[in-house]
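A.B. asks: Fold the following for me, if possible:
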Amino acid sequence: MKGEFGVAVERRSAADESAMRRRGIIAAIICISVVGFGLSLSGPLLSLLLESRGISSTMIGVNTAVAGFASLVTAPLVPRLVRRLGTKRLIYVALANGAVTFSLFPVSDFWLWFPLRFLFTSSVTILFIVSEFWIATAAPEGRRGFVMGIYATVLSFGFAVGPGALAVFGSENPILFVLVPATFLAAALPVAFGRAVAPAVDRAQSFRFLALLFVAPSATLAALVFGAFEQTTFSLTALYGLRNGLGEGAAAMLISVVGIGNMLFQIPIGLAADRLNRTLALAVCALAGLIGALLLPFVVGSLWLVLPLVFIWGGLTGGLYTIGLTHLAARFSGADLAAANSLFVMLYSFGMLVGPISAGAAMDVWDPHGFAWVMASLFGLYMLVPFTRFVSSFVRRG
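C.D. replies: Numbering: from 1, shown residues only. This next block holds a predicted model:
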């Protein structure tokens, strides 16, 4: 009886722990996906508002670029903020700051948009880092890739729905300027639901911030490559299609198909990451990116050939983000994982800055296929990192 009772208690404790993990994962995924919806709606909405005020495209671009700068500045500060404020309190502060700063955009002069954009993006950066840290901490080791795949899929859906709301309501409808801050406030509800299981960071990190780049280069650099790929494809794929003879509608369809591929592939990729060597999996995703970029100039003129290519291309390269996060969570814990997630987001933001600039300049020099050559170079150079580390570890084991 005593032994049986002890087993029952142990089983109940394991079941309770599993339930708490699921609760935390659901809370964090819903929170960041709601924020993703608001973020994807806010970007084009703010640009259209500035254009309606007569602000030049150059100044709109300069103001938008503040977002990248804000992310690069904020990311290294997040581990310390998590340690001082705690996970859930920091999320609440970031959500409130995001809601307030966005509400001020429509009633502010243009010069105030620069500090507002900085503060708004800082909040979003904090939310992404802390939410991903929460998900990675709560996910069980053997299912972490699967959980990250679910997170990436739901987040992609949230990003896709945002511009749809803009298309339904129109940029001049004032309800959108209420909807965005409302989404940030609504994202606090799942955090309240999971507040009892929010991870705590009670000690300083073991590694210096930038040293994490050299401890886990395959995972951290994956964020830079995917950030460059994602932002470049969103910014320049339609233009690339137009310059290769596709119509405007067909060229725009390329972007949608890349996004659909990215959304649908992440759960299968996450499942694979739980079963395969993650360093090798990152190399395979990079190889897929390289092959896709090299094939693109040969098929872009035919819609029926290019659509399946970019679908697979977007799906497999999206694995860099999913597997990268999974790899970090397997390598680090506690304060070190919070810092690694911060570096991951910072490098992703840096990739978003350099990718479109490099590919855009290349398209002017090698019109129109400079876009494909830059993407191929990016994936090819990165692939050497995980492949070399996999071979080195294989040789050491041998």
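A.B. asks: Got the phi and psi for S108?
C.D. replies: Geometry field for S108 lists phi and psi as phi -110, psi 150, criterion degrees, to the nearest 10.
A.B. asks: can you give me the helices for the stretch 201-350 of the chain?
C.D. replies: Listed in chain order, the helices found in the stretch 201-350 of the chain under DSSP state H, counting those that start in this stretch are 212-215, 217-243, 248-273, 278-299, 303-317, 319-331, 334-365.
A.B. asks: Serialize these to a markdown table and add fields for mean neighbour count and distance to G158.
C.D. replies: Every residue, glycine included, has its C-beta placed from N, CA and C. Listed next are the helices of the stretch 201-350 of the chain as a markdown table, based on neighbours: other C-beta atoms under 10 Å; distance: least, C-beta to C-beta, whole Å:
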| stretch | mean neighbour count | distance to G158 |
| --- | --- | --- |
| helix 212-215 | 18 | 28 |
| helix 217-243 | 23 | 15 |
| helix 248-273 | 20 | 10 |
| helix 278-299 | 21 | 23 |
| helix 303-317 | 20 | 17 |
| helix 319-331 | 27 | 15 |
| helix 334-365 | 22 | 17 |
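A.B. asks: Include mean pLDDT and distance to P174 when you put those into JSON lines, please.
C.D. replies: Supplementary listing: these in JSON lines, determined by pLDDT from 0 to 100; distance: least, C-beta to C-beta, whole Å:
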{"stretch": "helix 212-215", "mean pLDDT": "86", "distance to P174": "44"}
{"stretch": "helix 217-243", "mean pLDDT": "89", "distance to P174": "27"}
{"stretch": "helix 248-273", "mean pLDDT": "89", "distance to P174": "27"}
{"stretch": "helix 278-299", "mean pLDDT": "96", "distance to P174": "42"}
{"stretch": "helix 303-317", "mean pLDDT": "94", "distance to P174": "35"}
{"stretch": "helix 319-331", "mean pLDDT": "93", "distance to P174": "35"}
{"stretch": "helix 334-365", "mean pLDDT": "89", "distance to P174": "30"}
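A.B. asks: Distance check, P44 against S349.
C.D. replies: Using C-beta to C-beta, to the nearest Å, we find P44 at a distance of 19 Å from S349.
A.B. asks: Repeat that for L381.
C.D. replies: Using C-beta to C-beta, L381 is found at 19 Å from S349.
A.B. asks: Output the contacting helices and strands for the longest helix seen in the chain.
C.D. replies: When the chain is scanned for its longest helix (criterion: DSSP state H), the result is helix 2-52. In terms of contacts (3 or more C-beta pairs under 8 Å, 6 or more residues apart in numbering; DSSP states H and E), helix 2-52 is packed against helix 57-74, helix 87-104, helix 113-138, helix 144-169, helix 175-186, helix 188-193.
A.B. asks: Try it again at 7 Å.
C.D. replies: Using 3 or more C-beta pairs under 7 Å, 6 or more residues apart in numbering; DSSP states H and E as the contact criterion, the elements in contact with helix 2-52 are helix 57-74, helix 113-138, helix 144-169, helix 175-186, helix 188-193.
A.B. asks: could you give the angle of that helix to helix 57-74?
C.D. replies: Between helix 2-52 and helix 57-74, the angle formed by their directions is 150 degrees, by axes from the mean of the first three to the mean of the last three C-alpha atoms, to 10 degrees.
A.B. asks: List the backbone torsions phi and psi for D109.
C.D. replies: For D109, the backbone dihedrals (degrees, to the nearest 10) come out as phi -70, psi 160.
A.B. asks: no, scratch that, I was asking about G318
C.D. replies: Main-chain dihedrals, G318, degrees, to the nearest 10: phi -60, psi -20.
A.B. asks: ok, now how distant is it from P140?
C.D. replies: Plainly put, G318 is 23 Å away from P140 if you go by C-beta to C-beta.
A.B. asks: And the two? Which one has more around it.
C.D. replies: Set side by side, G318 and P140 give different neighbour counts by other C-beta atoms under 10 Å, the larger being at G318 (28 against 14).
A.B. asks: Who's the closest spatial neighbour of that one, skipping the chain neighbours?
C.D. replies: Distances taken as C-beta to C-beta, 6 or more residues apart in numbering put N262 closest to G318, at 3.9 Å, once the chain neighbours are dropped.
A.B. asks: Tell me if I'm right that the one you found and G315 touch.
C.D. replies: Yes - in this structure, N262 sits in contact with G315. The criterion is C-beta atoms under 7 Å, and the distance is 5.9 Å.
A.B. asks: hmm, back to that, just say which of the helices and strands packed on helix 2-52 is most tucked in.
C.D. replies: Between the helices and strands packed on helix 2-52, the one whose residues have the most neighbours on average, counting mean count of other C-beta atoms under 10 Å, is helix 113-138 (a mean of 24).
A.B. asks: coming back round to it: out of the helices and strands packed on helix 2-52, the one nearest L246 is which?
C.D. replies: Each of these has some distance to L246 by C-beta to C-beta; the shortest is helix 144-169, at 20.6 Å.
A.B. asks: how distant is the closest one from the center of its chain?
C.D. replies: Centroid separation between helix 144-169 and its chain, computed with C-alpha atoms, centre = their mean, to the nearest Å, is 10 Å.
A.B. asks: Check stretch 186-202 too.
C.D. replies: If you compare the mean C-alpha spot of stretch 186-202 with that of the full chain, they lie 20 Å apart, counting by C-alpha atoms, centre = their mean.
A.B. asks: Ok, stretch 231-249 next?
C.D. replies: The gap between where stretch 231-249 is centred and where its chain is centred comes out at 22 Å by C-alpha atoms, centre = their mean.
A.B. asks: and if you look at stretch 303-310?
C.D. replies: How far stretch 303-310 lies from its chain's middle: 25 Å, per C-alpha atoms, centre = their mean.
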